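Novice: Provided below are the primary sequence and the corresponding predicted coordinates.
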Amino acid sequence: MSLHEITLTIMQFIEHHQVWTLPIIFLLSFGESLAVISLFVPATAILLGVGALVGSGTISFVPVFISASIGAVFGDLLSYWLGKHYHQQVIASWPLNKHPKLVYRAERFFDNYGTLGVFIGRFFGPLRAIVPLIAGTMHMPAIKFNVANIASAPIWAFALLAPGAFGVPWLETLFG
């Protein structure tokens, strides 16, 4: 099954089984923010699509936005915790041991930007998958990590949901 087919299947499931929308959005955002796992989760495309469902009036924006934000916070928090408590084992394990350049770039990015790097890292795919983990391995103070994590998650969720949520109605008025 292709990534497109998986995305379409999940979108159709959400549309027809709305009671599952918030847990699915939470899990997708959690997975998208969880170290390494985010490389395999098609959450970005699905969240963009869910935004379109919001824009069409199928589901409500605020609960989806909150669910996506909370899932992202907890995904990054677990990644940070794993890095802080299992730093060398995590970096020496698959798949990070197969991508030393990615780890090196994330470490340099973190060295250069610190707390701001955690905030910025949320918005860039490969960095999103590893920056919180690296922040933990480099023993970033938890308070600094959490400030960046909690501040960036709602902005990230809004950025993914807003084009469909607010763009669809705008396009309908423009072309409708």
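Specialist: The structure has been received and is ready for your questions. What you see is a predicted model; the values in this text were computed from it and never measured.

Novice: ok, residues contacting the helix or strand bottoming out on mean pLDDT in the chain?
Specialist: Sorted by mean pLDDT, DSSP states H and E, the helices and strands of the chain end with helix 125-128, the least confident at a mean of 75. Residues outside helix 125-128 that contact it (CB atoms under 8 Å, 6 or more residues apart in numbering) are Glu32, Ser33, Ser38, Leu39, Thr44, Leu102, Ala106, Phe109, Ile120, Gly121, Arg122. For the C-beta atoms, the positions are set from N, CA and C on the backbone; glycine is no exception.

Novice: For the nearest residue to the fourth one once chain neighbours are set aside, give its distance to Ile155.
Specialist: Going back to what we said before, that points to Leu39. Taking CB to CB, 6 or more residues apart in numbering as the measure, Leu39 lies nearest to Ala129, with 5.2 Å between them; neighbours along the chain are not counted. With distances defined as CB to CB, to the nearest Å, the gap from Ala129 to Ile155 amounts to 18 Å.

Novice: neighbour-wise, which of those two wins?
Specialist: Each of Ala129 and Ile155 had its neighbours counted (other CB atoms under 10 Å), and the higher figure belongs to Ala129 (26 against 14).

Novice: Please give me every residue in contact with the more buried one.
Specialist: Ala35, Val36, Ile37, Ser38, Leu39.

Novice: Ok, Gly83 next?
Specialist: When the contact criterion is CB under 8 Å, 6+ apart, the partners of Gly83 are Ala35, Val90, Pro132, Leu133, Ile134, Ala135, Gly136, Thr137, Met138.

Novice: Can you tell me the closest non-neighbouring residue to it?
Specialist: With sequence-adjacent residues excluded and distances taken as CB to CB, 6+ apart, Gly83 is closest to Gly136, at 2.5 Å.

Novice: average model confidence for the host helix or strand of the one you found?
Specialist: Taking DSSP states H and E as the criterion, Gly136 maps to helix 131-137. Within the predicted structure, the mean pLDDT of helix 131-137 is 90.

Novice: Ok, stretch 80-94 next?
Specialist: The average pLDDT for stretch 80-94 rounds to 87.

Novice: Excluding chain neighbours, what is closest to Leu161?
Specialist: Nearest in space to Leu161, with sequence neighbours left out and distances taken as CB to CB, 6+ apart, is Gly51 at 4.1 Å.

Novice: hang on, the earlier thing: ok, the residue nearest to Gly83 - contacts?
Specialist: Taking CB under 8 Å, 6+ apart as the definition of contact, the neighbours of Gly136 are Ser79, Tyr80, Trp81, Leu82, Gly83, Lys84, His85, His87, Phe145.
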